[in-house]
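>>> Curious how this folds, go ahead:
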Amino acid sequence: MGFALLTRGLCLAVFFFALYTFLDLLINLRSMRVVKPSSFSEGPMVSLLVPARNEERNIGRCVESLLRQDYPNFEVIVYDDESEDLTLEILQSFNDPRLRVISGRGLPEGWTGKNWACHNLALAARGEYLIFLDADTEAHPQLVASVVREALSRGIRAASGIPFEVMKTLGEQLIVSFQYWTMAAAFPFALSNAVKLFGGVSIALGQFMFFHKDLYWSIGGHQAVKDRITEDMALASLVRAQGERFYLFRLRELLKCRMYQGFNSAVRGFGRSYASVFDFHRLPTAIVWGWIGLSGLYPWSAALRGIPLAQYALAFQLLTWMTLVFAFRAPWTVILLNPLVYLVNAYTALHGVTLHQRGELEWKGRAPAVVTEEVER
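Numbering: from 1, shown residues only. Now for the predicted structure:
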């Protein structure tokens, strides 16, 4: 009797969670702006800001795509964060007056490398609008024009963009595709823009961050989140805490990105971000990600045993992934592999906590904090 009640309770919980994620996805997709390619004959100055450390594989392609922008008034600034490979040499090979390269020297105490780089990029920027892009992105020639047109037409002063994610290996598909679920299905993004959830919690993706410079500095910029690994979400939350709306763009073909090269690098990269959400504490990480793994696997096992409620949960789960694949043009394989997607990402989060506790959570040859002299704005 007790086991039957436990099974029914678990089925109910999994069913309502699957229903919630599906309905939340439909609501969120209506609020996420689909930015379509367009042109702009004149417009405000835009600064395209790229932090780079050990990016010899990506930086040339990224900068070339930015310099090809079909927009009349922009600059490209790259911060080379003491790269130990050919990143700086590749940047110095460009001969274009619109490109400026800043060579980093040292990292202040309490800052992450990316946040320090972005802070210095913002200080150097001359644009009315600031666009932060990761070095592994590649922009369509109409990216800037399309985003600026969207922003000006709708009064948007802060936004993030979800690009087309290139996932060439099965391992990348299992891990990278999950960010679509977390951003669009798990988090109530539309609600977070309607009310200040928990004081202003929001969500963003650091591959593309868009700000009007006045708003950026009014929230404190990257200096206000200098020690945060998930600085994108922290900045978005500061925008909401100030009462401003924060938007999510679906950029599709306007921006593409291959975040990681294979399974191992994806596990280390996402593990670092997942674990940092709970400040690297094992218990809350285990509880939340344990539930996520269970909610992804249980509907399949229970549905095969003929439990009707689990079959409904499985149907909503599959509908959610089908919608995600269609909306973000993700690989169709993740629809059928989604139980593995949940489990692999749960493992990734716990692995990130384990690496942190062992003191092995380095990124690009650098520990989370390096002590040196701090420079204020």
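>>> CA only for contacts and neighbour counts going forward, please
Fine.
>>> mind listing the helices in the stretch 101-250 of the chain by residue range?
Using DSSP state H, counting those that start in this stretch, the helices of the stretch 101-250 of the chain run over 113-124, 143-154, 170-176, 178-181, 189-194, 213-218, 231-241.
>>> quick one: contacts of the third one?
Defining contact as C-alpha atoms under 8 Å, 6 or more residues apart in numbering, one finds that helix 170-176 is touched by 165, 167, 259-263, 266-267, 270, 331, 334, 337-338, 340-341, 344-345.
>>> pLDDT weak spots in this protein?
The model of the chain has pLDDT under 70 over residues 1-6, 360-377.
>>> hang on, the earlier thing: out of the helices of the stretch 101-250 of the chain, which gets nearest to E84?
E84 lies closest, by C-alpha to C-alpha, to one member of the helices of the stretch 101-250 of the chain: helix 113-124, at 14.0 Å.
>>> CA atoms only for the closest one, dumped as CSV, please.
Only the C-alpha atoms of helix 113-124 are listed here, as CSV (Å, rounded to 0.1, in the frame of the first residue of the first chain):
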residue,chain,number,x,y,z
GLY,A,113,38.7,36.6,-16.0
LYS,A,114,35.7,37.1,-18.3
ASN,A,115,34.1,39.8,-16.1
TRP,A,116,37.4,41.7,-15.8
ALA,A,117,37.8,41.6,-19.6
CYS,A,118,34.2,42.7,-20.2
HIS,A,119,34.6,45.6,-17.7
ASN,A,120,37.6,46.9,-19.5
LEU,A,121,35.9,46.5,-22.9
ALA,A,122,33.0,48.6,-21.7
LEU,A,123,35.4,51.2,-20.4
ALA,A,124,37.0,51.5,-23.8
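>>> returning to what we had before: mind checking which of the contacts of helix 170-176 are buried?
Among the contacts of helix 170-176, those that count as buried by neighbour count (16 or more other C-alpha atoms under 10 Å) are 165, 167, 259-260, 262-263, 266-267, 270, 331, 334, 338, 340-341, 344-345.
>>> How about the contacts made by the closest residue to I219 other than its chain neighbours?
Nearest non-adjacent residue to I219, counting by C-alpha to C-alpha, 6 or more residues apart in numbering: L238, 6.2 Å away. By C-alpha under 8 Å, 6+ apart, the contact set of L238 is G200, V201, I219.
>>> which one of those residues is nearest I77?
Using C-alpha to C-alpha, the contacts of L238 come closest to I77 at I219, 21.9 Å.
>>> For burial, what's the neighbour tally of the closest one?
Other residues near I219 number 19, with proximity taken as other C-alpha atoms under 10 Å.
>>> Look up how far Q357 lies from it.
32 Å (C-alpha to C-alpha, to the nearest Å).
>>> Repeat that for Y71.
Computed as C-alpha to C-alpha, the Y71 to Q357 distance reads 47 Å.
>>> Ok, M32 next?
For M32, the distance to Q357 - C-alpha to C-alpha - is 37 Å.
>>> Compare neighbour counts for those two and give me the winner.
M32 (17 against 13).
>>> show me where the chain has strands.
Assigned by DSSP state E, the chain shows strands spanning 33-34, 46-52, 74-80, 99-103, 129-133, 137-139, 158-165, 208-212, 247-257.
>>> Redo those as CSV? Include distance to A185.
Output for the strands of the chain, formatted as CSV (distance: least, C-alpha to C-alpha, whole Å):
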stretch, distance to A185
strand 33-34, 16
strand 46-52, 29
strand 74-80, 34
strand 99-103, 38
strand 129-133, 24
strand 137-139, 24
strand 158-165, 14
strand 208-212, 20
strand 247-257, 13
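>>> Which one of these lies nearest to L66?
strand 137-139 (6.2 Å).
>>> buried residues in stretch 282-293?
Going by 16+ other C-alpha under 10 Å, stretch 282-293 has these buried residues: R282, T285, A286, W289, G290, W291, I292, G293.
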